[in-house]
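J.: Kindly generate the corresponding structure for this input.
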Amino acid sequence: MVEPVGKFFEQDIDSTKIDLTGKIPEETMTGLKEMGLFGLQIPEEYNGLGLNNTSYSRIVEEIVMDASVAVTLMAHQSIGLKGILLCGNDAQKEKYLPKLATGEHVAAFCLTEPGAGSDAAGIQTRAKLSEDGKHWVLNGSKMWISNGGIAQIFTVFARTELPDGTDKITAFIVDKDFGGVIPGKPESKLGIRGSNTVQLAFENCKIPTENVLGEVGEGFKVAMTILNNGRFGLGAGTGGAIRKMMGMISQYANERKQFGKPLADFGLIQQKFTTMAVQAYAIESMVYATTALIDRDGRDASVEAAICKIYGSECMWDAVNECIQIMGGLGFGAGEGAMPYERFMRDSRILLIFEGTNEILRMYSALTCIQGPGEALSAVGKGGMAAGAGYAINRLKRDFGLGEALGGIHSELAAEAKMFAHSTGMFANAVDDLLMKHKKDIINHQRPLARVANMSIDLYAVACALSRASRALENGEETAQHQVKLTKLLCAQARERINSNLANIRMNGGKDDKLCEEISSEILKAGKYLPPHPIGV
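T.: Alright, predicted model coming up:
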């Protein structure tokens with residue numbers, strides 16, 4: 001599918017027009033449906049293409065150059081209908097998936113509310129069981145709902161009262177034909193302007209009891225299952241986008257002359273290309289290691305997927321910024337006839353926010369990573385440091401797939417493999433140090449937790465790159481030596497970052513964190529920048 005999909009996006013989609021008008025033309029939507037792009041992962045028995053996660057990611061790489069279209073497609077299937085796919089019963093799948101696969105019906109995911117964003121447990125939308133027990137009556141509102149104004153089927157999360165009197169979240173499949181589903185006007189946004197984003201109101205929407213998704217009261221688990229399962233797709237998209245942008249911008253750097261020679265001859269410009277290449281190689285390696293773990297073993301790869309999203313979104317933002325810098329004034333232009341980098345920058349900014357902000361996902365990655373060592377330390381008491389360190393290493397290898405990645409590292413990368421093993425041990429010891437110091441209160445110390453997350457991101461990137469480059473050498477791939485160079489530089493840069501994070505955790509003693517906390521508290525208490533103007537009052 002890669003060639004026809006890539007050709008369609010290159011030749012038949014007017015991205016500038018979509019960005020300026022804030023709407024995807026009907027003929028474009030028809031073309032997307034005809035290629036089966038609304039049903040990539042839906043099984044063939046329900047009219048879909050039945051792609052696994054690896055193949056899905058490969059297609060995502062081809063659609064990302066128009067972010068509005070990509071968001072429309074991915075919001076539909078990566079989160080909108082994913083709950084039916086993962087948690088729905090046979091009757092729900094048979095009823096809803098066939099039309100969702102063809103694009104006759106579009107899906108949307110409804111979790112965020114005006115008062116509940118990353119804190120999903122804070123939602124206030126409520127569903128009450130009718131007196132005859134045949135319907136749930138839904139009331140409330142949702143915001144920032146991608147596809148909300150064009151969707152027919154919604155996965156909606158609402159508070160429900162359980163028979164025992166407890167109040168828990170339940171997931172529902174809502175059809176617009178149920179009535180009481182009221183979309184607002186399309187939101188005006190910084191980027192992805194052609195994707196439909198609205199606020200939704202639900203007014204006495206009657207949902208049949210058979211449309212509960214999963215079990216009553218298990219909605220939070222359903223939401224996390226959906227979100228955790230799909231984040232690797234964002235990583236795949238960023239890897240594909242950086243790869244494509246490098247091809248576009250390298251042509252300009254080779255042709256554009258300054259001081260009598262091409263931009264490509266200047267060391268600082270070359271450094272930008274090197275950085276983008278290392279980042280693209282790392283995110284590609286991580287994404288396809290992650291999808292392989294899911295496709296091959298059915299393994300829970302929620303942490304790996306979160307890491308792919310964090311790393312990919314931040315690398316994409318950096319890469320777009322560097323492309324604009326290379327283009328100079330030409331890269332700053334906007335509108336018709338302008339280069340696309342300004343649009344790329346606006347479009348890519350959302351990647352650091354949706355499907356879990358990078359701050360939240362860093363906390364999730366760090367706390368998951370230290371959960372096992374924490375349990376081990378609790379069990380063995382004061383003598384737990386060695387046990388905790390060993391547990392952290394095993395946890396890293398097991399949950400991050402590093403056991404497989406380290407198998408058979410090529411001799412050309414022996415020094416890098418040694419560096420990885422050493423850093424993994426140091427990482428485990430640092431986790432122990434934090435747990436011994438803060439114990440259960442570690443959850444309230446976000447700055448050291450962010451360092452744990454950043455180290456785990458670097459370690460996963462290194463492991464996946466080592467595995468990929470080793471395979472390239474073993475298979476005699478034409479670009480194997482180039483891949484080795486990318487991996488060596490990635491390892492060197494990762495080592496510097498890991499050592500810096502280790503120093504902050506183990507040697508600094510939290511002094512800088514304390515200063516940071518004091519400064520921010522003083523600013524926020526005053527509500528302003530505190531020093532007087534240097535000229536004087």
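J.: Now for Thr102: which residues touch it?
T.: When contacts are counted by C-beta atoms under 8 Å, 6 or more residues apart in numbering, Thr102 touches Lys33, Phe38, Gly39, Asn47. Backbone N, C-alpha and C define where each C-beta goes, glycine included.
J.: Would you state the strands of the protein in chain order?
T.: All strands of the chain, identified by DSSP state E, fall at 107-110, 126-129, 135-146, 153-161, 167-175, 181-183, 197-208, 212-213, 257-258, 261-262.
J.: rewinding a little: any chance of the contacts of Thr102 in a markdown table, with neighbour count too?
T.: A markdown table is the format used below for the contacts of Thr102 (neighbours: other C-beta atoms under 10 Å):
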| residue | neighbour count |
| --- | --- |
| Lys33 | 16 |
| Phe38 | 28 |
| Gly39 | 25 |
| Asn47 | 18 |
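J.: closest to Glu474 out of the strands of the chain?
T.: Glu474 lies closest to strand 261-262 among the strands of the chain, at 36.4 Å (C-beta to C-beta).
J.: Mind giving me the packing neighbours of the closest one?
T.: In terms of contacts (3 or more C-beta pairs under 8 Å, 6 or more residues apart in numbering; DSSP states H and E), strand 261-262 is packed against helix 232-255.
J.: Check which residues of the helix it packs on are buried.
T.: Residues 232-246, 249, 252-253 are the ones in helix 232-255 that count as buried (16 or more other C-beta atoms under 10 Å).
J.: related to what we said a few turns ago, could I get the contacts of Thr102 as CSV with distance to Ile350 and pLDDT?
T.: Putting the contacts of Thr102 into CSV (distance: C-beta to C-beta, whole Å; pLDDT from 0 to 100) gives the following:
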residue, distance to Ile350, pLDDT
Lys33, 24, 97
Phe38, 21, 98
Gly39, 24, 98
Asn47, 30, 96
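J.: Phi first, then psi, for Val334.
T.: One correction, residue 334 is Ala, not Val. Dihedral angles of Ala334 (phi, psi; degrees, to the nearest 10) stand at phi -140, psi 160.
J.: ok, how many other residues are close to it?
T.: If you count neighbours by other C-beta atoms under 10 Å, Ala334 ends up with 15.
J.: out of everything not next to it in sequence, what's closest to it?
T.: Glu342 (4.7 Å; C-beta to C-beta, 6 or more residues apart in numbering).
J.: ditto for Thr197
T.: Using C-beta to C-beta, 6+ apart, the nearest residue to Thr197 is Glu187, at 4.5 Å.
J.: Quick check: the one you found touching Leu200?
T.: No: the pair Glu187 and Leu200 does not pass the contact test of C-beta atoms under 8 Å, sitting 11.5 Å apart.
J.: These two: who's more crowded?
T.: Leu200 (24 against 18).
J.: Please look at Val222 and Lys82 and confirm they touch.
T.: No: if you go by C-beta under 8 Å, Val222 and Lys82 don't touch, sitting 9.8 Å apart.
J.: which residues of the stretch 301-450 of the chain fall in helices?
T.: Per DSSP state H, counting those that start in this stretch, the stretch 301-450 of the chain carries helices over the ranges 302-327, 329-332, 341-348, 358-380, 385-399, 402-406, 414-438, 446-474.
J.: Buried residues in the last one, which are they?
T.: By that I understand helix 446-474. 448-470, 472-473.
J.: name the helices or strands packed onto it?
T.: Short answer (3+ C-beta pairs under 8 Å, 6+ apart): helix 446-474 packs on helix 267-297, helix 302-327, helix 358-380, helix 402-406, helix 414-438, helix 480-506, helix 511-526.
J.: Any idea which helix or strand in the chain has the lowest mean pLDDT?
T.: Ranked by mean pLDDT, DSSP states H and E, the helix or strand of the chain with the weakest confidence is helix 385-399, at a mean of 44.
J.: ok, Asp14 to Asp66 distance?
T.: 9 Å (C-beta to C-beta, to the nearest Å).
J.: try Leu473
T.: With C-beta to C-beta as the criterion, Leu473 and Asp66 are 36 Å apart.
J.: Chain neighbours aside, what residue packs nearest to the residue minimising distance to the centre of the chain?
T.: The residue lying closest to the centre of the chain (C-alpha atoms, centre = their mean) is Lys309, at 2.8 Å. Leaving aside its chain neighbours, Lys309 sits nearest to Arg231 (4.1 Å; criterion: C-beta to C-beta, 6+ apart).
J.: what pLDDT does the one you found get?
T.: Note on Arg231: pLDDT of 90.
J.: So what's the residue count around it?
T.: Arg231, neighbours per other C-beta under 10 Å, totals 25.
J.: the domain parsing of the chain - what is it?
T.: Domain segmentation of the chain under automatic domain parsing yields 2-102, 107-216, 231-356, 363-522.
J.: what's the first-to-last distance across the third one?
T.: Using C-alpha to C-alpha, to the nearest Å, one end of domain 231-356 lies 9 Å from the other.
J.: What of the first one?
T.: Distances were taken as C-alpha to C-alpha; on that basis the terminal residues of domain 2-102 are 19 Å apart.
J.: Count the neighbours of the nearest residue to Glu210 once chain neighbours are set aside for me.
T.: In space, Glu210 comes closest to Ala91 once its chain neighbours are excluded; the distance is 7.0 Å by C-beta to C-beta, 6+ apart. Residues lying near Ala91 (other C-beta under 10 Å) number 9.
J.: hmm, back to that, contacting residues around the residue nearest to Thr197?
T.: Counting by C-beta under 8 Å, 6+ apart, Glu187 has contacts Trp144, Thr197, Val198, Gln199.
J.: Now do the phi/psi pair for it.
T.: Taking degrees, to the nearest 10 as the convention, Glu187 sits at phi -80, psi 140.
J.: any idea how far it is from Gly22?
T.: 10 Å.
J.: Check Val303 too.
T.: 36 Å.
J.: cool, Gly36 as well?
T.: 26 Å.
J.: Neighbour count: Asp14 and Asp66, which is higher?
T.: Asp66 (26 against 12).
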